[in-house]
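S.K.: With the sequence up front, the predicted model follows.
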Amino acid sequence: MHRYLDKGIDFSNRDIISITDLSRDEILYLCEIAADLWEREKSEQRNALRDELKGKTLAYMFFEDSTRTRTSFNTAMRELGGSRDGFSGKEGTSLQKKESVRDTLMMYWANHADIIVMRHPNDGSVQWAADVVGIPVINGGDGKNEHPTQALLDLFSLYLGNDQSLDNIRVGFGGDLAHGRTVHSLSLGLSHFQNPQIYWATEDALGMPKDLEQLLESKGVKVFREKTVQDVLSKVDPYSYYMTRPQLERMKGITQAQIEELLKKYRITKETLRDHAAKLLHPLPVNSELAEIEISAYYTKNQGFFRQAENGVLLRKALLWSILQTESYTPFSGYLHPDLEHGNNRLVRHKTGKRKAGKFIDDIHSGISIDHVARGYARLIADKLQLSERGYSSAPIDMEPKDDKSFVKSSLDTLTERELKQIALISPEATINIIKGGKVVEKFVYLLCQNDNCITRVVTEDVPPKFYHDGTIRCRYCRKPYAFEGRKIQPKEKEAFIAGLPKVIVPIVY
Ligand code: CP
């Protein structure tokens with residue numbers, strides 16, 4: 001194994017959050033090591049590596065169900081001589097007592113874990129984990145966002161089926177391409193290689209997201225929508241067809257019967273595969289009730305998904321070995337990094353401190369006025385802030401000054417981050433005016449990521465909203481773009497906000 005250390009690729013202390021964080025050479029490096037492990041497996045040398053990670057501990061934190069990802073990381077660690085500790089589901093942990101993700105993470109670091117693998121239902125949660133702890137964190141799936149190690153094992157499966165190369169791959173996609181994170185990560189992973197071609201066919205409601213298609217095409221991936229599975233199969237022979245499960249848990253308001261109807265045309269059966277050589281892949285699990293892959297297809301020569309799952313063990317072994325083979329443990333200090341406390345999301349509005357407060361706040365000498373509140377939501381904000389107990393001015397809180405906005409006045413002199421977040425969740429346009437001595441001394445909008453499932457929107461997790469600007473304003477955590485369209489923000493205010501943002505996700509260093 002140690003000959004791989006001379007290849008100039010350094011994974012030590014590395015977080016694995018998104019497949020896009022890995023270069024072409026790094027992906028090939030992991031595939032090469034995993035292929036080497038496969039050779040050892042075949043010649044029954046699996047136990048020869050039992051000392052490689054002796055003394056190291058993997059913590060697995062699975063807030064969502066999993067069979068393969070959790071088990072294969074466990075197997076990988078065991079076969080490399082390391083130990084494992086963690087949880088699968090909240091039961092039996094203090095998450096049941098409302099402990100936060102942050103505090104739970106700190107406990108695993110405090111218990112001397114060397115590396116964490118985490119799965120969580122919120123997008124961006126694993127970047128948050130990587131910010132909180134000083135040890136490497138691997139994304140085992142964050143919401144509908146990314147599942148980079150699944151993408152790596154999928155790429156490894158394609159690599160093995162393509163003479164150990166990832167160039168000129170043709171892959172077909174079917175099932176639920178809208179909600180499944182594996183297709184998103186795999187297709188982005190393919191963008192590193194030469195001439196990747198993706199063919200897909202499914203119902204409109206489950207189709208490849210338009211923004212992903214555009215992103216892939218901008219990265220040189222050719223994406224073709226076909227009418228039928230047969231059309232796709234004929235294009236991808238003899239490579240791979242990658243089927244996915246309808247992600248019912250991520251679809252709001254859709255019934256099982258509607259999905260059944262959608263799948264009728266796209267279900268894979270023995271008949272579908274007749275006359276085709278393409279390997280049938282699937283990240284698994286297959287939904288045995290919907291049977292997006294019918295049992296008859298399990299017994300064909302095309303079935304490749306169980307071997308694909310074993311490839312996950314090999315690839316995750318390669319990854320854990322690459323990250324942990326050098327001694328670089330960051331000791332636990334017990335303190336949180338100060339950068340975690342505040343976001344960079346306050347968009348400063350003009351007029352700060354320049355003139356006397358206007359007529360809407362003229363009866364507040366010192367306090368906070370929240371204006372540009374969406375009509376009808378002022379009462380909700382006042383109730384959330386418990387202003388009737390804590391105090392607000394005599395002016396009616398839902399007075400409508402001149403347009404469709406209303407405002408809230410209060411005698412509070414400060415708002416907490418949680419309160420600001422609650423206000424932004426109720427009315428994203430709301431502008432906070434801090435008034436002192438009859439003058440507005442601070443005036444800002446508290447911007448929140450617009451992705452409903454982002455971890456930054458969960459008030460009780462206290463994740464500070466942060467953005468970066470790589471040409472597009474993006475959330476640091478889920479990386480989804482932030483759109484100003486339709487917002488009454490002046491161009492100069494927006495420019496000044498962007499000027500204050502980093503251009504990349506700057507890691508938090510302990
Ligand atoms: N492919 C995959 O992520 O499977 P699990 O949900 O069982 O981990």
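M.R.: Sure thing, it's come through. Residues are numbered from 1 along each chain as shown.

S.K.: Run through the strands of the stretch 51-200 of the chain in chain order.
M.R.: Using DSSP state E, counting those that start in this stretch, the strands of the stretch 51-200 of the chain run over 57-62, 83-88, 115-120, 137-142, 170-174, 197-200.

S.K.: Show me which residues of the protein sit near the ligand.
M.R.: For the chain, the contact set with the ligand under C-beta under 6 Å from any ligand atom comprises S66, T67, R68, T69, G141, Q150, P283, L284, P285. Where you see a C-beta, it was placed from the backbone N, CA and C, and this is true even at glycine.

S.K.: hmm, which of the residues you listed are the buried ones?
M.R.: Among the residues of the chain next to the ligand, those buried by neighbour count (16 or more other C-beta atoms under 10 Å) are S66, R68, T69, G141, Q150, P283, L284.

S.K.: rewinding a little: now, which of the residues of the chain next to the ligand sits nearest E91?
M.R.: Minimum distance to E91 across the residues of the chain next to the ligand is 14.5 Å, recorded for S66 (C-beta to C-beta).

S.K.: now that closest one, nearest residue through space, not along the chain?
M.R.: Using C-beta to C-beta, 6 or more residues apart in numbering and skipping the chain neighbours, the partner closest in space to S66 is R119 (5.7 Å).

S.K.: right, and T182 touches D154 too?
M.R.: Yes. Counting by C-beta atoms under 8 Å, D154 is a contact partner of T182 at 6.9 Å.

S.K.: which residues do those two both contact?
M.R.: Here T182 and D154 have P283 as joint contacts, going by C-beta atoms under 8 Å, 6 or more residues apart in numbering.

S.K.: Specify which residue of the two has the higher count of neighbours.
M.R.: D154 (29 against 25; other C-beta atoms under 10 Å).

S.K.: Burial check on L415, number of neighbours?
M.R.: Count around L415 with other C-beta under 10 Å applied: 18.

S.K.: pLDDT below threshold where in the chain?
M.R.: 327, 351-364, 391-406 (pLDDT under 70).

S.K.: Any chance of TSV for the residues of the chain next to the ligand, columns distance to D131?
M.R.: Supplementary listing: these in TSV, determined by distance: C-beta to C-beta, whole Å:
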residue	distance to D131
S66	23
T67	28
R68	27
T69	22
G141	18
Q150	23
P283	27
L284	31
P285	31
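
S.K.: mind listing what's buried in stretch 65-83?
M.R.: Buried residues in stretch 65-83, counting neighbours by 16+ other C-beta under 10 Å, are found at 66, 68-70, 72-77, 79-80, 82.

S.K.: show me the residues around the nearest residue to K222 once chain neighbours are set aside that make contact.
M.R.: Counting by C-beta to C-beta, 6+ apart, K222 lies nearest to Q197, which is 4.7 Å off, once chain neighbours are set aside. Counting by C-beta under 8 Å, 6+ apart, Q197 touches I169, R170, V171, V221, K222, F224, K235.

S.K.: Out of those, grab the one that's most surrounded.
M.R.: Within the contacts of Q197, most neighbours by other C-beta under 10 Å means V171, with 25 neighbours.

S.K.: buried ones in stretch 324-337?
M.R.: Buried residues in stretch 324-337 (16+ other C-beta under 10 Å): L324, Q325, Y329, F332.

S.K.: What of stretch 172-182?
M.R.: Here stretch 172-182 shows G172, F173, G174, G175, D176, L177, A178, H179, G180, R181, T182 as buried, counting by 16+ other C-beta under 10 Å.

S.K.: now swap in stretch 203-223 and tell me
M.R.: For stretch 203-223, by 16+ other C-beta under 10 Å, it's E203, L206, G207, M208, L212, E213, L215, L216, V221, V223.

S.K.: which one of these is nearest R346?
M.R.: For these, the nearest to R346 is L215 (28.9 Å; C-beta to C-beta).

S.K.: any idea how far the closest residue to the closest one other than its chain neighbours is from the ligand?
M.R.: Spatial nearest neighbour of L215, chain neighbours left out: L188 (7.6 Å); criterion: C-beta to C-beta, 6+ apart. From L188 over to the ligand the distance is 17 Å, taken as C-beta to the nearest ligand atom, to the nearest Å.

S.K.: if I pick L188, what's in contact with it?
M.R.: S18, I19, T20, A151, L215, L216, K219.

S.K.: Show me how the record splits this protein into domains.
M.R.: Domain assignment for the chain, taken from automatic domain parsing, gives 2-148+313-324, 164-306, 338-499.

S.K.: re the thing from before, state the pair within the buried ones among the residues of the chain next to the ligand that is farthest apart.
M.R.: Maximum distance among those (C-beta to C-beta): 12.8 Å, for G141 and L284.

S.K.: Overlap of the contact sets of these two?
M.R.: With C-beta under 8 Å, 6+ apart as the test, G141 and L284 reach no residue in common.

S.K.: related to what we said a few turns ago, between the buried residues of stretch 203-223, which is nearest G134?
M.R.: The nearest one, if we look at the buried residues of stretch 203-223 relative to G134 and count by C-beta to C-beta, is L215, at 31.9 Å.

S.K.: Which element, helix or strand, includes that closest one?
M.R.: Per DSSP states H and E, L215 falls inside helix 210-218.

S.K.: Just give me how far that helix sits from the chain centre.
M.R.: 18 Å (C-alpha atoms, centre = their mean, to the nearest Å).

S.K.: wait, F62 sits on F87?
M.R.: Yes. Judged on C-beta under 8 Å, F62 makes contact with F87 at a distance of 6.6 Å.

S.K.: In terms of neighbours, single out the busier of these two.
M.R.: F62 (20 against 17).

S.K.: and the strand or helix carrying E32, how far from the chain's centre?
M.R.: Assigned by DSSP H and E, E32 falls within helix 24-42. With C-alpha atoms, centre = their mean as the basis, helix 24-42 stands 26 Å off its chain's centre.

S.K.: Name the residues that touch it?
M.R.: So helix 24-42 is contacted by 1, 4, 7, 9, 11, 22, 46, 48-49, 152, 155-156, 159-160, 164, 166, 189, 192-193, 311, 314-315, 317-319, 321-322 (C-beta under 8 Å, 6+ apart).

S.K.: Show me which of the residues you listed are buried.
M.R.: By 16+ other C-beta under 10 Å, the contacts of helix 24-42 give 1, 4, 9, 11, 22, 49, 152, 155-156, 159-160, 166, 189, 192-193, 311, 314-315, 317-319, 321-322 as buried.

S.K.: just the helices in the stretch 351-500 of the chain please.
M.R.: Ranges of helices in the stretch 351-500 of the chain, per DSSP state H, counting those that start in this stretch, are 378-384, 387-390, 417-426, 491-499.

S.K.: Specify the stretch among those helices that is closest to S411.
M.R.: helix 387-390 (7.9 Å).

S.K.: Strands along the stretch 201-350 of the chain, start to end?
M.R.: 222-225, 240-243, 279-281, 346-348.

S.K.: can you list these in JSON lines and add distance to A378?
M.R.: Listed next are those as JSON lines, based on distance: least, C-beta to C-beta, whole Å:
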{"stretch": "strand 222-225", "distance to A378": "46"}
{"stretch": "strand 240-243", "distance to A378": "50"}
{"stretch": "strand 279-281", "distance to A378": "53"}
{"stretch": "strand 346-348", "distance to A378": "21"}
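
S.K.: on that earlier part again, just the CA coordinates of the helix holding E32, formatted as PDB?
M.R.: Extracted as PDB, the C-alpha positions of helix 24-42 are listed here (Å, rounded to 0.1, in the frame of the first residue of the first chain):
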ATOM      1  CA  ARG A  24      -9.600  14.000 -11.600                       C
ATOM      2  CA  ASP A  25      -6.200  12.700 -10.300                       C
ATOM      3  CA  GLU A  26      -7.600  12.200  -6.800                       C
ATOM      4  CA  ILE A  27     -10.600  10.200  -8.100                       C
ATOM      5  CA  LEU A  28      -8.300   8.000 -10.300                       C
ATOM      6  CA  TYR A  29      -5.900   7.600  -7.300                       C
ATOM      7  CA  LEU A  30      -8.700   6.200  -5.100                       C
ATOM      8  CA  CYS A  31      -9.900   4.000  -7.900                       C
ATOM      9  CA  GLU A  32      -6.400   2.600  -8.400                       C
ATOM     10  CA  ILE A  33      -6.100   1.800  -4.700                       C
ATOM     11  CA  ALA A  34      -9.600   0.300  -4.600                       C
ATOM     12  CA  ALA A  35      -8.700  -1.900  -7.600                       C
ATOM     13  CA  ASP A  36      -5.500  -3.000  -5.800                       C
ATOM     14  CA  LEU A  37      -7.700  -3.900  -2.800                       C
ATOM     15  CA  TRP A  38     -10.000  -5.900  -5.100                       C
ATOM     16  CA  GLU A  39      -7.000  -7.900  -6.300                       C
ATOM     17  CA  ARG A  40      -6.000  -8.600  -2.700                       C
ATOM     18  CA  GLU A  41      -9.600  -9.600  -2.000                       C
ATOM     19  CA  LYS A  42      -9.500 -12.100  -4.800                       C
END
